[in-house]
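Trainee: no sequence for this one, just the structure:
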């Protein structure tokens, strides 16, 4: 698999994971859980952004 196809595959996976975390109900989460979820969302957004930049540069 070439780099571009591999990057697109990871992009789709990360976007799916991001949607999962964004759709979680925060109503019954504790402070630690909220921080963990917010951290994961930030990480996935950063990964997605980086991949999009890499794909547009090629």
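Mentor: It's in. Quick caveat: nothing in here was measured; it's all calculated off a predicted structure.

Trainee: residues of the longest helix seen in the chain that come out buried?
Mentor: The residue-count maximum for a helix in the chain (DSSP state H) belongs to helix 31-57. By 16 or more other Cβ atoms under 10 Å, the buried positions in helix 31-57 come out as 40, 44, 47-48, 51. (C-beta placed from N, C-alpha, C; glycine too.)

Trainee: and the two most separated of those residues?
Mentor: Farthest-apart pair in those is 40 and 51; separation 16.5 Å (Cβ to Cβ).

Trainee: related to what we said a few turns ago, looking at the longest helix of the chain now, give me its mean pLDDT.
Mentor: The pLDDT scores in helix 31-57 average 96.

Trainee: show me what it is packed against.
Mentor: Where contact means 3 or more Cβ pairs under 8 Å, 6 or more residues apart in numbering; DSSP states H and E, helix 31-57 is packed against helix 3-22.

Trainee: return the set of buried residues in the helix it packs on.
Mentor: Going by neighbour count (16+ other Cβ under 10 Å), the buried part of helix 3-22 is 7, 11, 14, 17-18, 21.

Trainee: of these, closest to residue 34?
Mentor: residue 21 (11.3 Å).

Trainee: ok, the closest one touching residue 42?
Mentor: No. The pair residue 21 / residue 42 is not scored as a contact, 10.0 Å apart, by Cβ atoms under 8 Å.

Trainee: so how far is the longest helix of the chain off the chain centroid?
Mentor: Relative to its chain's centre, helix 31-57 lies at 4 Å (Cα atoms, centre = their mean, to the nearest Å).

Trainee: just the residues contacting stretch 48-57, thanks.
Mentor: The contact list for stretch 48-57 (Cβ atoms under 8 Å, 6 or more residues apart in numbering) reads 4, 7-8, 10-11, 14-15, 18.

Trainee: turn those into CSV, including pLDDT.
Mentor: As requested, the contacts of stretch 48-57 are exported to CSV (pLDDT from 0 to 100):
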residue, pLDDT
4, 90
7, 94
8, 95
10, 96
11, 97
14, 97
15, 98
18, 98
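
Trainee: no further questions, thank you.
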